[in-house]
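Novice: sequence and predicted model, in that order:
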Amino acid sequence: RRSWHAAAWHWHAGPRCIRRAGERQRTAACCATGAVASRPSVALLAWPVVGECAAAGIEHCAVRHVHKAVAAGVRVHINARPHPSNITDAVTAHHRVHHMISLLHHLLVATLARLWFILMLPLLLWPMQRLVEQFESLVLSAGPGAPEADGRAFPRPIGQERDGARAPQQPFDRANCSAENMRPTVVGVPNSTALRLRWQLPLGIIVRPMADEAMGRSVPVIPLGSQGIVRCRRCRTYMNPFCTWVDGGRRFKCNVCAMLNEVPVEYFSTLDANGLRRDVAERPELSCGTVEWVAPQEYMVRPPMPPVYFFAIDVSVAAHSCGMVAVVADTIRACLDQLPGDERTQVGFLTYDSSLHFYNLKASLAAPQMLVVTELDEPFLPMPDDLLVNLTDSRPVIEALLDALPSTYSSSTSNDSAMGAALQAAFLVMSHVGGKLLLFQAGLPTLGSGKLKPSRDNLNLYNSDREPSLRNPEDPFFKRFAGEASSRQITLDVFLGSNGFADLASLASIPRFTCGQVYYYPGFHKMRDGPKLSAELSRNLTRPTAWEAVMRIRCSRGLKIGSFHGHFFNRSTDLLALPTCDPDKSFAVQIGHEETVVNGPVAYVQCALLHTSSNGERRIRVHTMVLPVLSELSELYRASDGAATACLLAKLGVEKSLMAKLEDTRQALVLKLSTALKEYRLLHGAHMRNPGALIYPSALRYLPAYVLGLVKSTAFRGTGREVAADERAAAAHMLMAAPVDETLQLAYPDVYNLGEGGGSWGSEEQGQVSSQNC
């Protein structure tokens with residue numbers, strides 16, 4: 001095969017090998033024939049070899065190799081020597097048939113391609129034209145060497161556009177719950193998994209179950225009747241405006257699982273000509289997307305708990321010197337009349353430094369009695385009762401304690417803090433009832449369980465594989481305590497004011513799993529930070545609160561809740577344990593596909609919060625929403641909500657930062673944005689003449705600004721040298737619980753023009769600061 005001479009050798013050797021009978025000689029003849037036929041530069045005088053092949057009974061090899069030479073463009077010369085006629089006929093017929101098949105194949109492919117193009121051209125151009133009309137372009141750069149773009153032309157949510165950028169999409173149905181309660185990132189659901197994979201942004205819902213209290217709205221309450229709570233027997237969906245009625249109103253069809261359910265006799269009503277119940281106006285659950293049912297006895301595992309507030313206050317030298325103890329005592333005393341629960345509210349106090357100080361607040365005492373426990377490894381209660389008392393009965397004793405607290409420890413010389421032991425002791429006091437545990441810490445815990453090390457703040461670990469450990473608790477005590485507290489319906493709120501590193505990442509793990517909150521005051525000083533601490537503590541104590549709550553979210557057949565994000569303890573796959581819940585807490589869920597195709601024109605999502613109100617009633621708050629099922633990618637863009645998407649991206653970013661480096665987290669956020677913009681461009685990029693244009697739908701107009709703001713926020717930017725570890729932990733905790741508006745405020749804050757000395761910025765009007773955005 002390497003030269004003409006080798007081919008010529010095979011030409012002469014082939015017949016001799018064939019004449020020597022045997023299987024190996026036949027194989028050698030085939031190889032010889034193939035070697036000659038594969039040389040384009042050799043004139044193939046193949047008939048001697050072909051004839052010998054035929055004589056040896058392997059004419060099929062000869063035919064194949066001769067045809068291979070002809071197809072390769074080799075000029076074949078046929079010797080005039082006698083040859084078997086069957087070989088000549090076989091070669092000629094084989095060549096003609098192959099040539100005819102090749103021509104027919106090419107003709108058929110060309111005809112089908114032209115026919116498909118003619119039929120599909122209108123269908124391809126029509127959605128493309130619609131898509132192009134709804135997209136805008138902003139030229140940032142025309143390419144290398146082009147002049148720089150005007151940054152002021154970049155879409156920013158400022159001025160008059162600020163409120164519009166944060167506003168939700170119009171509801172799909174007027175009976176839907178408010179967008180403040182459940183705000184989807186897309187007002188619609190992809191009809192298939194294939195379409196969902198093309199949607200590059202997260203698909204989910206921002207859930208704020210108690211937003212009505214924050215908006216000042218009242219929720220319709222459905223009293224407990226003899227019929228009980230009407231809900232589906234299979235999927236347990238509560239009665240809502242989207243259920244349909246059949247059989248003259250005797251049965252209803254569940255809108256989530258499509259099961260037919262019998263209507264209780266006490267709940268029966270006849271139907272009108274449109275198939276609607278005649279008592280729709282009288283029953284809020286049939287017309288309102290948000291209602292609250294009064295739960296019967298079977299929804300309780302114990303009698304409803306009273307509102308409980310237990311205060312654990314650091315009284316070390318650091319806490320007194322900065323003025324935190326005085327601010328906390330004065331604020332609590334001022335809020336006693338506004339605590340929820342009226343005559344049912346219970347309170348308790350514990351102070352700590354290098355030892356634990358309990359307080360007997362029995363109503364019959366003229367002054368509080370202090371009990372000191374020095375055992376820190378296994379703390380115990382010095383007395384079984386009267387450490388947690390009724391606020392109304394013991395009000396004089398409680399006020400006396402708060403008045404004396406700032407001066408009681410003013411001469412203390414202890415610099416130590418037994419915070420872990422204080423948490424364990426407070427747990428022993430509250431474990432039989434649950435409630436809110438408020439911790440006021442002024443430094444790094446140094447004694448007992450849960451003591452922390454200042455060496456944890458190691459800047460050398462950034463940009464290494466061990467960097468995520470800096471944002472997670474090192475001591476297993478914190479996660480173990482969080483699980484135990486959640487099981488006993490205890491929420492922990494942390495107020496931290498420290499002049500140095502206090503390892504807030506470890507402390508914050510307890511509020512993370514108990515639906516608590518973190519307040520951070522770096523370098524706390526009474527004159528500067530006292531008003532802020534007082535305002536936030538007052539809000540924490542007086543806001544409406546749901547106690548011993550659990551939350552579950554259901555969705556239509558074919559869909560599923562893929563993941564939950566927020567501060568909670570996941571009791572089961574779809575049940576969130578919330579020891580307390582308030583209007584300032586929000587959660588996020590991602591929606592996935594359980595089946596390949598979602599059938600039907602609409603899909604439903606329902607959120608149910610089972611809780612105890614402050615007045616002692618067990619209630620179920622239900623939010624229901626209907627969403628259209630979309631079949632086109634352009635429809636998803638048109639129905640998207642950029643503000644809700646940015647909020648969900650922020651929560652996903654915080655969770656990723658707990659498992660990956662900050663640089664990887666920032667890249668992941670930017671990658672989500674860039675891949676989404678790339679998908680937009682692929683849909684209509686051929687119609688854009690400028691390759692440097694930023695293409696986006698109007699609904700996502702401000703998403704680039706929000707995402708770029710997030711990666712530069714306190715929670716994600718830089719390393720340990722740019723942002724302190726405690727400050728980053730506080731910002732990350734805030735993002736996980738923040739509703740949409742607060743998240744956008746953190747990502748893209750308002751700017752005030754301080755140069756206008758006589759301007760209206762910073763003026764207080766009705767308790768709020770008016771501003772002029774610029």
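Specialist: Perfect, I can see it now.
Novice: flag the shaky bits of the protein, pLDDT-wise.
Specialist: For the chain, applying pLDDT under 70 flags the ranges 1-99, 103, 105-106, 109-110, 113-152, 684-694, 756-774.
Novice: pull up the pairing partners for the lengthiest strand in it, direction included.
Specialist: When the chain is parsed with DSSP state E, its longest strand is strand 618-630. The strands beside strand 618-630 in its sheet (DSSP bridges) come out as strand 189-190 (parallel), strand 290-294 (antiparallel), strand 602-612 (antiparallel).
Novice: dump the ones you listed to CSV, plus mean neighbour count.
Specialist: Backbone N, C-alpha and C define where each C-beta goes, glycine included. Listed next are the strands paired with strand 618-630 as CSV, based on neighbours: other C-beta atoms under 10 Å:
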stretch, mean neighbour count
strand 189-190, 26
strand 290-294, 22
strand 602-612, 23
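Novice: now the ones you listed as CSV including distance to residue 510?
Specialist: Output for the strands paired with strand 618-630, formatted as CSV (distance: least, C-beta to C-beta, whole Å):
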stretch, distance to residue 510
strand 189-190, 36
strand 290-294, 30
strand 602-612, 21
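Novice: quick one: closest of these to residue 308.
Specialist: strand 602-612 (11.3 Å; C-beta to C-beta).
Novice: now that closest one: how far from the chain's centre is it?
Specialist: Relative to the chain's own centre, strand 602-612 is displaced by 18 Å; criterion: C-alpha atoms, centre = their mean, to the nearest Å.
Novice: before we move on, back to that, relative to residue 218, which of the strands paired with strand 618-630 is closest?
Specialist: Among the strands paired with strand 618-630, the nearest to residue 218 by C-beta to C-beta is strand 290-294 (9.8 Å).
Novice: what's next to the closest one, contact-wise?
Specialist: Residues from elsewhere that reach strand 290-294 (C-beta atoms under 8 Å, 6 or more residues apart in numbering): 177-178, 181, 212, 219-224, 229, 238, 284-285, 617-624.
Novice: phi, psi of residue 553?
Specialist: For residue 553, the backbone dihedrals are phi -120, psi 130 (criterion: degrees, to the nearest 10).
Novice: now the contacts of strand 290-294: which count as buried?
Specialist: Neighbour counting with 16 or more other C-beta atoms under 10 Å marks 177-178, 181, 212, 219, 222, 229, 238, 284-285, 618-624 as buried within the contacts of strand 290-294.
Novice: what segments of the stretch 251-400 of the chain are strands?
Specialist: Secondary structure of the stretch 251-400 of the chain (DSSP state E, counting those that start in this stretch): strands located at 251-253, 260-262, 290-294, 308-314, 346-352, 356-360, 369-373, 389-390.
Novice: check the stretch 101-250 of the chain too.
Specialist: Using DSSP E, counting those that start in this stretch, the strands of the stretch 101-250 of the chain run over 135-139, 182-184, 189-190, 204-207, 221-222, 244-246.
Novice: now for residue 331: which residues touch it?
Specialist: 533-534, 537-538.
Novice: most neighbours among those, which one?
Specialist: Within those, most neighbours by other C-beta atoms under 10 Å means residue 537, with 23 neighbours.
Novice: nearest to residue 569, out of the strands of the stretch 101-250 of the chain?
Specialist: Nearest to residue 569 among the strands of the stretch 101-250 of the chain is strand 204-207; the distance by C-beta to C-beta comes to 16.2 Å.
Novice: by contact count, what packs against that closest one?
Specialist: strand 182-184, strand 546-555, strand 587-593, helix 642-657 (3 or more C-beta pairs under 8 Å, 6 or more residues apart in numbering; DSSP states H and E).
Novice: swap in 10 Å and give it another go.
Specialist: In terms of contacts (3 or more C-beta pairs under 10 Å, 6 or more residues apart in numbering; DSSP states H and E), strand 204-207 is packed against strand 182-184, strand 546-555, strand 559-565, strand 587-593, strand 602-612, strand 618-630, helix 642-657.
Novice: parallel or antiparallel, which strands does that strand pair with?
Specialist: The strands beside strand 204-207 in its sheet (DSSP bridges) come out as strand 182-184 (antiparallel), strand 587-593 (antiparallel).
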